[in-house]
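Engineer: Here is my input; please provide its structure:
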Amino acid sequence: MFKHLFKLIWNKRRQNFLFLSEIFVSFLVIFALCSMLVYYLINYSKPPGFEYERVWSVRYSNPFKSENKDSLQVFYENIRRNILAFPQVKEVTFTSANFPYSTSHSTTGITFKGQQISMLNFYQVEDDYQKVLNMQVLEGRWFNKSDASGKKAIVINSSMGKKLFGEEAAVGKVIGDYDDKNPMRIIGVVADVKADGDFQPAGPGFYNRMDTTAFNWIDHMLIQVNADADAAFESRLSKKLSQLMKNSDLEIQHLTEMRDAKNGNTVMPMIICLMIAGFLIINVALGLFGVLWYSINQRRAEIGLRMAIGASRSAVSKQLVAEALVLTTLSLALGVFFAIQFPILHVFNVPALVYIIALLTAMAFVYILVFICALYPGRQAAAIQPAVALHEE
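Structural biologist: Numbers count the residues shown, from 1 in each chain. I've put the predicted structure just below:
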């Protein structure tokens, strides 16, 4: 049967070229769309790594600069005490601008085993940062006052630990900064924090304990509040901060709202791509349906002759569907050759698993699409009366 199908396909190779081209282009479009969707779904399925609900961020223009560390500490400790005096406040911490769901990013590099590794997320934080966000410590510990002296201490995230040490324990290991001049001792490993939204990966990164001089440029704080913190309390908090930080521009944001904005930046382009892809798929399906319908009308005499010599209606229908699926397989073979290069070459630094799942999904989708488009024309061909078809010929 397959030998006969290939012979029929070869004899009509010019007519089948359009069909093969449509399938090839459709597969590449669907593969690209599936790759994007699988990538986002895998990221979405992972836990955020922290608690963002009932956490507020406060941005302020730096109201007090001094070379005197004691003066800086007294000024900002006074602000901390006044905020903690509110019964609605649980924890407060000052932080660099690249906290979760913010629009700011900070990257740096390290040296490990003589090799420089760049594009690592870098966070300047305080001892209470982990409490405010309720981050999960997987190994070792978080910062405390004892880290103020001695060798510089850092806390890395899980992705960085796997990138550097694989399954080995990371606590106690020493790495260098980008120039390999200042050694840094790893004291803990925390769960990955998806700082760019639910659909984006955390990426490797580490946390540095900031000292008092950082208050000269730090302009953000995070506040963990109770469930009873409402708009009235937010107004009182803003008024109190205005009194403590005179001539400072203040902006209070909720991390839940910032998260929604981050996710929206991913979801809207995704919806637009889905709409465009859906429109293309509908057009491709109509095109396939038309090509198959035209092919059957051109082969009425052949179909009528086959039925006249004993072929059953189901056999005729199955043959036409099988021809379409064989053509699809030939076209997909070329498409898979190009698609398989993506996981092999690690294009866009996307995990190979994403491309493999997308490849299999796209193949299944194309086969189902072609089968559906070929089913009705195949049944119509089986309804042809042999005498009428031969008479028309």
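Engineer: Please count neighbours and contacts with C-alpha atoms only from this point.
Structural biologist: Fine.
Engineer: Residue 156 in helix, strand or coil?
Structural biologist: strand (DSSP: H, G, I helix; E, B strand; the rest coil).
Engineer: Residue 209 is in contact with that one, correct?
Structural biologist: No - assessed by CA atoms under 8 Å, residue 156 is found out of contact with residue 209, at 11.7 Å.
Engineer: so residue 200 sits right up against residue 194, yeah?
Structural biologist: Yes - between residue 200 and residue 194 there is a contact under CA under 8 Å: 6.7 Å.
Engineer: Who are the packing partners of the lengthiest strand in the chain?
Structural biologist: Secondary structure of the chain per DSSP state E: the longest strand is strand 115-125. Judged by 3 or more CA pairs under 8 Å, 6 or more residues apart in numbering; DSSP states H and E, the packing partners of strand 115-125 are strand 89-95, strand 107-112, strand 205-209.
Engineer: Need the ones you listed in a markdown table (columns: mean neighbour count, mean pLDDT and distance to residue 82).
Structural biologist: A markdown table is the format used below for these (neighbours: other CA atoms under 10 Å; pLDDT from 0 to 100; distance: least, CA to CA, whole Å):
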| stretch | mean neighbour count | mean pLDDT | distance to residue 82 |
| --- | --- | --- | --- |
| strand 89-95 | 21 | 97 | 10 |
| strand 107-112 | 16 | 94 | 33 |
| strand 205-209 | 21 | 96 | 23 |
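Engineer: Just confirm residue 198 is within a strand.
Structural biologist: No - assigned with three-state DSSP, residue 198 falls outside any strand and is coil.
Engineer: Secondary structure element holding the residue nearest to it when sequence neighbours are not counted?
Structural biologist: Excluding its sequence neighbours, the residue lying closest to residue 198 (CA to CA, 6 or more residues apart in numbering) is residue 44, at 5.1 Å. Using DSSP states H and E, residue 44 falls within helix 13-45.
Engineer: now residue 74
Structural biologist: helix 69-84.
Engineer: which residues sit in contact with residue 330?
Structural biologist: Each residue near residue 330 by CA atoms under 8 Å, 6 or more residues apart in numbering is listed here: residue 20.
Engineer: I'd assumed residue 129 was in contact with residue 209.
Structural biologist: No - using CA under 8 Å, residue 209 is not in contact with residue 129, being 9.8 Å away.
Engineer: Counting neighbours, which bits of the longest strand of the chain end up buried?
Structural biologist: 120-125 (16 or more other CA atoms under 10 Å).
Engineer: okay if I get these as a markdown table plus distance to residue 215 and pLDDT?
Structural biologist: Putting those into a markdown table (distance: CA to CA, whole Å; pLDDT from 0 to 100) gives the following:
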| residue | distance to residue 215 | pLDDT |
| --- | --- | --- |
| 120 | 23 | 96 |
| 121 | 20 | 96 |
| 122 | 17 | 95 |
| 123 | 14 | 97 |
| 124 | 11 | 96 |
| 125 | 11 | 97 |
